[in-house]
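*Asks:* A predicted structure for the sequence below; I have some questions about it.
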Amino acid sequence: MNSSSLSKGELPAPVLVGLLADLLLKKGWLLATAESCTGGLISAACTDLAGSSNWFERGFVTYSNEAKTEMLGVAATLITAHGAVSEEVARAMAEGAITHSRARVAVAVTGVAGPTGGSRAKPVGTVWFGFTVDGHISSEMQHFSGDRAAVRAATVQHALQRLVQLLG
C-alpha cells in the first residue's frame with residue numbers, strides 16, 4: 001500500500017510494524033498470523049522488518065477450508081454452518097493460531113478479495129478479523145473497496161493498525 005492510498009491519519013505499514021514490534025518486545029510476547037484472503041501479506045509485512053524473528057513466531061496461510069481445519073483446527077462443521085468468511089471462522093482461526101504456536105498474540109483474516117466470489121450477504125471487500133491478545137479474543141468485520149490488490153492491502157493495513165491499538 002503506497003502512502004497516497006492511506007486515509008488521513010493512517011500510518012504506513014512499515015511504521016505500524018515498527019510500533020507493533022516495540023509493543024511486543026516490551027511485553028516479551030510473540031505474534032502469529034492466520035491468513036486466508038491476504039495469502040501471507042501480513043506475515044510478509046512483519047518480516048520485512050529486520051529483527052522480526054525476536055517477536056514474529058509464525059504465519060499460517062490457510063487459503064482453503066481444508067487448510068483452516070488441518071493447520072488451525074477450525075471445525076469443518078463451523079465452516080459449513082457459517083461459511084469461511086464469517087466471524088465464527090475468524091475467531092476460530094485466531095484461537096487456532098495461538099493453540100498451534102508459542103505466540104500470545106494472533107491476528108486472523110478471512111474475506112472476499114474479489115473480483116469474484118462475493119455474494120449479496122458477503123460482497124467483494126468483506127473481511128472478518130479475529131484477534132487474540134493474551135487470552136482475550138475479539139473480532140470485527142470491515143468492508144473495503146477497490147480491486148483485489150486494494151482489498152488485500154487495506155486488510156493488511158487494518159490488521160496492523162488494530163494490533164497496535166490492542167497492544168498499546
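*Replies:* Nice, I can see it. What you see is a predicted model; the values in this text were computed from it and never measured.
*Asks:* Need the residues that contact the lengthiest helix in the chain.
*Replies:* Longest helix in the chain, counting residues (DSSP state H): helix 148-167. Around helix 148-167, the neighbours that count as contacts under Cβ atoms under 8 Å, 6 or more residues apart in numbering are 1, 5-6, 10-11, 13, 16-17, 19-20, 23-24, 27, 31, 37-39, 41-42, 45, 105, 107, 109, 111-115, 124-125, 127, 129, 131, 133, 138, 140, 142, 144-146. Bear in mind the C-beta positions are built from the backbone N, C-alpha and C, glycine included.
*Asks:* Stretch 79-98 too?
*Replies:* 32-34, 36, 60, 62, 65, 68-69, 71-75, 78, 103-104, 106-112, 122, 126-132, 137, 139, 141.
*Asks:* host element of Ala106?
*Replies:* Of the helices and strands defined by DSSP states H and E, Ala106 is found in strand 105-111.
*Asks:* For the chain, which segments count as helices?
*Replies:* Under DSSP H, the chain gives helices at 13-27, 41-47, 65-72, 76-82, 87-99, 148-167.
*Asks:* Dump these into CSV; add distance to Asn54 and mean neighbour count as well.
*Replies:* CSV is the format used below for the helices of the chain (distance: least, Cβ to Cβ, whole Å; neighbours: other Cβ atoms under 10 Å):
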stretch, distance to Asn54, mean neighbour count
helix 13-27, 6, 18
helix 41-47, 11, 21
helix 65-72, 24, 17
helix 76-82, 34, 13
helix 87-99, 18, 23
helix 148-167, 15, 20
